[in-house]
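K.L.:
For reference, the sequence and a predicted model appear below.
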Amino acid sequence: MTEKNKSNEPMAIELAKSQREISISEFFTKNRHLLGYDNPVRALMMTVKEAVDNSMDACQEMKVIPEIFIQIDQLSEDRFKVIVEDNGPGIVKKQIPNVFGRLLYGSKFHRLRQSMGQQGIGISAAVLYSQLTTGKPTKVVSKIDPQKPAHYYELGINTKTNQPEIFKEDDIEWQKNHGTKIEIELEAKYQKGKQSVDEYVKQIAIANPHAHLIYITPEKEKIEYVRATTQLPIEPKEIKPHPHGIELGILIKMLHDTEAKTVQSFLQNDFSRIGPGTAKEVIEQSKITTKKSKDLEADEIERLFRALQNVRVIAPPTDCLSPIGQELLEKSLRKEIDSEFYVTVTRSPSVYRGMPFQVEAAIAYGGNIDRESQVRLLRFANRVPLLYQQGACAITEAVIETNWKAYNLQQSSNSLPIGPAIILVHIASVWVPFTNEAKEAIAHYDEIIKEIKLALQECGRKLNIYINKTIRSAEQKEKISLFEKYIPELASSLATLSNESKSKIEESLRKILKKNMSNLLNENGIQDKT
Amino acid sequence: MKMASKTKPKEEIQLLGKKITNQVDKGKNPEITFLSRSLNNIVYDKKTKTLKLGDKTATRSFFNVAHAKKFLQTVEVASVIKKELLDSGKHEHLRGVFYIVKRTIPGTNVNLVDEQVESDKAIEDLEVITGLSREQMHVSANKMGSMVGNLILEDSGDIIDCSKLGRGGYSIPSITDELDFKKIKADYILYMEKAAIFERLNEDKFWQKNNCILITSQGQTTRGIRRLLQRLSEEKNLPIYVLCDWDIYGAYIYSVVKYGSITLAHASEKLTIPNVKYIGITGDDVVKYDLKRHLIKLTEQDSARIKQVSEYDWFKDNKEWIRQFKMMKEMNGKVEIQALAARGISFISETYLPSKIKNKEFLD
């Protein structure tokens, strides 16, 4: 049954007149908040973040130690210019407009490899935001070879077609062997504090001790983060999906993209941990008769998906991850956080839903950190700081559920502990599960929370030993000083009582104290043999 | 325990100083070892019927975090006693000693003593350590007692006739060791916890009519009065009768006079009077003289204390007393001596006491 309207045409046809394709760019314009550009403060942050994440990933690809220059100029009350320059491999000329001038264009989206850039919609969103708020083009310079000139572009995005619009292109001289520089003008607001660009850059430096960062703030202050190591992180390997880690949509896309002709070879080649035997078992279980992978019907694909979920296979390989590393993380913290005691833990890799992941935790304690307030929690996913949505994050839940009283920190129920400490948690994964598209909070998987807690407990135990030791050594110093103060008193009383010389008694008592200092410190008192 | 009455107190306390100084000279952690005064070392000696210290010893050393301050307090109090009192021949009260000792140790916020109880304890410890009594160390306590009767004594050169001292009677000093009994005419001594009863009996000339000596304190019996009672009992062979409220605290006052106290167990030898007798009030008096309507209801603390006291070694085998405690619980009450006034203002002096003494109605 179809309802009719007055013109006696089917309703659907009438409706179809007003239906048209909505371009991604238009979608973005209307849904900024989903992508992190919902207010001018965050827009500035997102722009810097997208550019820096790209630069870091590019340097990692080229295996070059990152030298990243970040500058924010305030042009007027609500107008800013963000400049980010790296020493990465550069981008070949014909790809520059695609990388910066098309939304959802890129290589990172569907591959399983630990990278920073997984976390934003991409630099082109920043370009679009700039265009929407200022009408100005984005300027890009990129150079791939010291022998060749650099390419210069001024570009934007055609919001209807999602194609790049080039306003100016040129070959120019650039005093750099290779790298990329981007200049984006945007409407924004600069703020200081825990969710500021300043903090983001600082935390990027903490999580990337191999990077050299120079940051010039809108107030023209130059902050330089010197690297703690010249060693590049282990290159994260790309892995094939594990049968337990895929979703139906991904399976459909994999079948569409595969080069394998048969279902059997598709399973064997495009998944990790599936050999000929397992592939056969999956096919049998899903009762597929079709041999060719491209010919699978929708219901067959669904059965195949179920079988893949249920098949018994070993966990995915975990050598694909690249943690910061226990020693380096400590070095990095010592460099950036002024404190007395540092402990870091890197757990062995683990698996949630077929996805390998690895947890690192650290605590900086004492020194100049405020003693009376809740600890600061620094959250990282694939070396990228998470500054928003702390309350919704699995890391926060794990920290709250850890019993910090056992480790000498105060804690009221259902809250972060209180004390002079900073707690850091890093999760590295080929696919970090976020709670939503803003990608600022990690989803609550039991396996992940358990690993975080284990890492925190390990840190906590070491922290506890340290706190006990400092408390004890302070008490011991106090004990010794008390004896030193008591000695003249006792000498004077004894002199009166025995009619002997006070100075002689005092001297003898001091000798006894000196001789038995270590006994007094270790035990309750001197144990006389008599 | 030993009593150092043969050596001079000054020498005895100086000896303590020498012993400690010797240890220091030899490079040893200075320490003092003496009989422990903790509750688990208080024993009831059935043979002598007194509370005494057992043979557990405690060692207090200076270079020990837990002991250092107490050690210092002990030595400092000893030096004050030697220098300020024994050397000069003067006496000082516990309170005065506290103020002499009290000061802040330079460079710290620690006071040598914070409260009087600390210097008092140090003095009690010194009694155990040196064998000297507090009185021998010239330290006195507040006097809180009176005496009347046919007794002439000499106190610091003054001759005092205790039958001619009006309504107040002779004010018993804190230290009674040196009182000299010149002349005495009495059949017994009546000691009572209530000064009000003492005044009643004195006004009624009870001591004259019944040929006895009346002594009172206010509440717990001071060391001075205990020593005085012991001397009158031992030197003059006078029976002593104790008159208290019929409650658990009265019973305890009696037991302190008779057996000694927990805190002064080390000095029992000079303070206890094993053959003292309890004259009243008893539960039987309550019945006999119809005092039930004057019963004051027991509080929870009263009941707890009854349970505690009835389990003391020196009470638990005493059938008469256990029976009294049982009556207190059964009547769920206690009675003050003054309740006798309900039977007539001089009922106590004319009827109650003479009848009890005549019939020898005593508890042991």
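P.N.:
In hand now; what should we look at? Numbering: from 1, shown residues only, chains lettered A, B, ... in the order given.
K.L.:
Next, the contact list for residue 278, please.
P.N.:
In the absence of a named chain, this looks at chain A. Contacts were defined as C-beta atoms under 8 Å, 6 or more residues apart in numbering or on different chains; by that measure A:T278 touches A:267, A:311, A:313. No exception for glycine: its C-beta is placed from N, CA and C like everyone else's.
K.L.:
My question was about chain B, not that one.
P.N.:
B:Y278 makes contact with B:241-242, B:244, B:251, B:254, B:362-364, according to C-beta under 8 Å, 6+ apart.
K.L.:
Just among the contacts of A:T278, which is most surrounded?
P.N.:
A:L267 (26 neighbours; other C-beta atoms under 10 Å in any protein chain shown).
K.L.:
I figured that residue was touching A:V282, is that so?
P.N.:
Yes: the criterion here is C-beta atoms under 8 Å, and A:L267 meets it with A:V282 at 5.9 Å.
K.L.:
Find the residues that touch each one of those two.
P.N.:
A:I274.
K.L.:
all strands of the stretch 1-150 of chain B, in order?
P.N.:
Along the stretch 1-150 of chain B, the segments classed as strands by DSSP state E, counting those that start in this stretch run B:31-35, B:42-45, B:50-53, B:57-61, B:92-93, B:139-140, B:145-148.
K.L.:
Tell me which of those strands sits nearest to chain A.
P.N.:
The stretch from those with the least distance to chain A (C-beta to the nearest C-beta) is strand B:57-61; that distance is 6.2 Å.
K.L.:
and the end-to-end length of stretch A:342-355?
P.N.:
Taking C-alpha to C-alpha, to the nearest Å as the measure, stretch A:342-355 stretches 30 Å from start to finish.
K.L.:
re earlier: ok, so of the contacts of B:Y278, who is nearest A:R306?
P.N.:
Proximity of the contacts of B:Y278 to A:R306 (C-beta to C-beta) peaks at B:A251, which lies at 88.1 Å.
K.L.:
For the helix or strand that closest one falls within, name the packing helices and strands.
P.N.:
For B:A251, the host element (DSSP states H and E) is helix B:248-259. In terms of contacts (3 or more C-beta pairs under 8 Å, 6 or more residues apart in numbering or on different chains; DSSP states H and E), helix B:248-259 is packed against helix B:223-236, strand B:240-243, helix B:300-310, helix B:313-316, helix B:319-331.
K.L.:
Kindly reformat the strands of the stretch 1-150 of chain B as CSV and extend each row with distance to A:N368, mean neighbour count and mean pLDDT.
P.N.:
Shown next, in CSV, are those (distance: least, C-beta to C-beta, whole Å; neighbours: other C-beta atoms under 10 Å in any protein chain shown; pLDDT from 0 to 100):
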stretch, distance to A:N368, mean neighbour count, mean pLDDT
strand B:31-35, 46, 19, 94
strand B:42-45, 56, 17, 92
strand B:50-53, 57, 22, 93
strand B:57-61, 42, 16, 92
strand B:92-93, 55, 16, 94
strand B:139-140, 55, 23, 92
strand B:145-148, 66, 24, 95
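K.L.:
For A:L112, which of the helices and strands packed on helix B:248-259 is the nearest?
P.N.:
helix B:300-310 (74.5 Å).
K.L.:
outside of that closest one, which residues touch it?
P.N.:
So helix B:300-310 is in contact with B:247-249, B:251-252, B:255, B:298, B:315-316, B:321-322, B:325, B:328-329, B:334, going by C-beta under 8 Å, 6+ apart.
K.L.:
one more time with 10 Å
P.N.:
Helix B:300-310 is contacted from outside by B:247-249, B:251-252, B:255, B:296, B:298-299, B:315-316, B:318, B:321-322, B:324-326, B:328-329, B:332-334, using C-beta atoms under 10 Å, 6 or more residues apart in numbering or on different chains.
K.L.:
Narrow those residues to just the buried residues.
P.N.:
Buried by 16 or more other C-beta atoms under 10 Å in any protein chain shown: B:247-249, B:251-252, B:255, B:298, B:315, B:318, B:321, B:324-325, B:328, B:333-334, out of the contacts of helix B:300-310.
K.L.:
number of nearby residues for the closest residue to A:E61 other than its chain neighbours?
P.N.:
Spatial nearest neighbour of A:E61, excluding adjacent residues (C-beta to C-beta, 6 or more residues apart in numbering or on different chains): A:P89 at 6.4 Å. Using other C-beta under 10 Å, A:P89 has 19 other residues around it.
K.L.:
can you tell me the residue of the stretch 1-150 of chain A closest to chain B?
P.N.:
The nearest approach of the stretch 1-150 of chain A to chain B comes at A:V41, 50.7 Å away (C-beta to the nearest C-beta).
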